[in-house]
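Participant: Below is the structure, and that's it, no one-letter string:
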């Protein structure tokens, strides 16, 4: 049996960063929730059972954490795009999608979120 396309999901990664343009948002870190979906060609990994043939989600997650926590963002679009760049970086990635939630951004709302995705041609 041939298992080619794998999907990795990093769910509800809760981080803190500076996000926004209002004075309070510039001065204080806020919570964000990051969800990442990565489709990649896993044929080699499924055949060899060797970590060096797989996409290392721990490495990806650490890079996302560093990016989010060590930077400031005015726009949710920029934050989401930068996380997507990390998610789609590896050559075996065929499709990546990132959703970033900004909890309590609007009164009477649980959160505001933005989703970006990219497809890479083979």
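Facilitator: In hand now; what should we look at? Keep in mind the model is a prediction, meaning the values are calculated, not measured.
Participant: hey, what's the nearest residue to residue 39 once chain neighbours are set aside bridged with?
Facilitator: Ranked by C-beta to C-beta, 6 or more residues apart in numbering and with sequence neighbours excluded, the top spatial neighbour of residue 39 is residue 95, at 4.3 Å. For every residue, glycine as well, the C-beta is placed using N, CA and C. Beta-bridge partners recorded for residue 95 (DSSP bridges): residue 39, residue 119.
Participant: Residue numbering should commence at 40 henceforth.
Facilitator: Fine by me, first position is 40 from now on; the one you just mentioned is residue 134.
Participant: Check the spacing between residue 134 and residue 80 real quick.
Facilitator: 11 Å (C-beta to C-beta, to the nearest Å).
Participant: what comes into contact with the lengthiest strand in the chain?
Facilitator: Looking across the chain with DSSP state E, the single longest strand is strand 44-58. Strand 44-58 is contacted from outside by 64-65, 67-81, 84-85, 94, 96, 99-100, 103-104, 107-108, 110-113, 115, 118, 133, 141, using C-beta atoms under 8 Å, 6 or more residues apart in numbering.
Participant: And the strands in the chain?
Facilitator: Along the chain, counting by DSSP E, strands occupy 44-58, 69-80, 111-112, 132-142, 150-158.
Participant: low-confidence ranges in the protein?
Facilitator: Along the chain, the model assigns pLDDT under 70 to residues 40-42, 160-161.
Participant: Brilliant, that's me finished.
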